[in-house]
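Peer 1: coordinates only, sequence not included:
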């Protein structure tokens, strides 16, 4: 048995309480076996010691909304890139995410079961993955890559082995398509309940899928031992339809209104705000060849997005950190925390959003998200006190040590 002793750092355990000084965390193989005062731990002398050097010891961070197979590139580049090349790119994206301290992610479309198995079997380094496979979308809606000239230019190829096409219309079709995603290995179902920023033929406020269609998707998930549904939902009516249908988490939530907030509170629905997504579109539009429609829509919604986040946070909605990484560069995930703090969240609450609450959103709260005895050994050591400077976490040089499932993934 191998043991690792973490000491000499400010313990921020993910539960949201006061950070603790002079505490130690001890890991044995894959599991945390001790969290408590360092003076009360009886060292054997055989432990490997990780000295935090006055920094902070935290749970591994969790991003609840990523696209590990994607980083947005100009159309010309996509058209001239061989199909299998994207898997080798994804290996770099996975590694960059892990090096940033993100030890678990929920993939919101595009990653197939083979990638997850490659990570689990140790063929490639990456965060723990929860897969949606591909998103369900209506014909002509967000996720339908058919352009105005009739050409189909999806952000990621679909319809190949392991990646069913997500387009479907009507209750019967959405049931079948949900079953196809589950057959392909989906652990959460992703649905586009509204239009979006990057799609060319709709708008974020457009409503997609009827309430009956959304209910059918949720029902199919429940038949499979309670598989949850996550909904890309930006417009108010689409958000409310998703919540009424029993959907587990609202992704983006740009146009949340008071009625939507009341429904979310009543149903315990999570919000995954992805504040970084429209910010990144505007920052990288020229470099990445973003379509002008996406730039225009990002400019239109960015302030409303911030206002909706602030309103939801103040109302007490459960907020899990998510970034939409892939729209922006992988490994820049923790910029989201600074944006949430700018939106009124306390630094501690932003850390809880990317640890405890995110773990609960993914259904993994018993395994990860907090530093507690019996949980999996996902730990991060950072320079300084992030509660005093949350923006510092967006600099990957601040991340000094990363452990996932008891394995050292980064040591500076």
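Peer 2: Everything's here; your move. All figures in this text were calculated on a predicted structure; none of them were measured in a lab.
Peer 1: how about residue 10: what's its closest non-neighbour residue?
Peer 2: residue 56 (4.6 Å; Cβ to Cβ, 6 or more residues apart in numbering). Every residue, glycine included, has its C-beta placed from N, CA and C.
Peer 1: show me the helices in this structure, by range?
Peer 2: With DSSP state H as the definition, the chain shows helices at residue ranges 75-79, 85-99, 113-120, 171-183, 211-223, 236-244, 258-267, 276-288, 292-315, 335-342, 347-353, 356-361.
Peer 1: what helices and strands are in contact with the second one?
Peer 2: If I follow you right, that is helix 85-99. helix 113-120, strand 399-404, strand 407-411 (3 or more Cβ pairs under 8 Å, 6 or more residues apart in numbering; DSSP states H and E).
Peer 1: hey, which of these is tucked in deepest?
Peer 2: Highest mean neighbour count of the helices and strands packed on helix 85-99: strand 399-404, a mean of 24 (counted as mean count of other Cβ atoms under 10 Å).
Peer 1: where in the protein is pLDDT low?
Peer 2: Low-confidence segments of the chain (pLDDT under 70): 148, 151-153.
Peer 1: if we go to 90?
Peer 2: 1-2, 43-46, 72-79, 140-141, 143-161, 195-206, 224-225, 281, 284-298, 300-301 (pLDDT under 90).
Peer 1: domain-wise, how is it divided?
Peer 2: Dividing the chain into domains by automatic domain parsing, as the record does, gives the ranges 3-59+370-411, 61-361.
Peer 1: most tightly packed of the ones you listed?
Peer 2: The densest packing among the domains of the chain, expressed as mean neighbour count by mean count of other Cβ under 10 Å, is seen in domain 61-361 with a mean of 21.
Peer 1: and that domain, end to end?
Peer 2: One end of domain 61-361 to the other measures 13 Å (Cα to Cα, to the nearest Å).
Peer 1: now that domain, how far from the centre of its chain.
Peer 2: From the chain centre to the centre of domain 61-361 is a distance of 8 Å (Cα atoms, centre = their mean, to the nearest Å).
Peer 1: contact partners for the residue nearest to residue 10?
Peer 2: When contacts are counted by Cβ atoms under 8 Å, 6 or more residues apart in numbering, residue 56 is found next to 9-12, 19, 381-382, 384-387.
Peer 1: make CSV out of those and add distance to residue 149.
Peer 2: Supplementary listing: the contacts of residue 56 in CSV, determined by distance: Cβ to Cβ, whole Å:
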residue, distance to residue 149
9, 57
10, 56
11, 57
12, 52
19, 56
381, 52
382, 48
384, 52
385, 54
386, 48
387, 51
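Peer 1: distance check, the closest residue to residue 196 other than its chain neighbours against residue 172.
Peer 2: Computed as Cβ to Cβ, 6+ apart, the closest residue to residue 196 that is not its neighbour in sequence is residue 142, at 3.8 Å. To residue 172, residue 142 is 22 Å away according to Cβ to Cβ, to the nearest Å.
Peer 1: same question for residue 278.
Peer 2: Using Cβ to Cβ, one gets 35 Å for the distance from residue 278 to residue 172.
Peer 1: and what of residue 328?
Peer 2: Applying Cβ to Cβ, the value for residue 328 to residue 172 is 37 Å.
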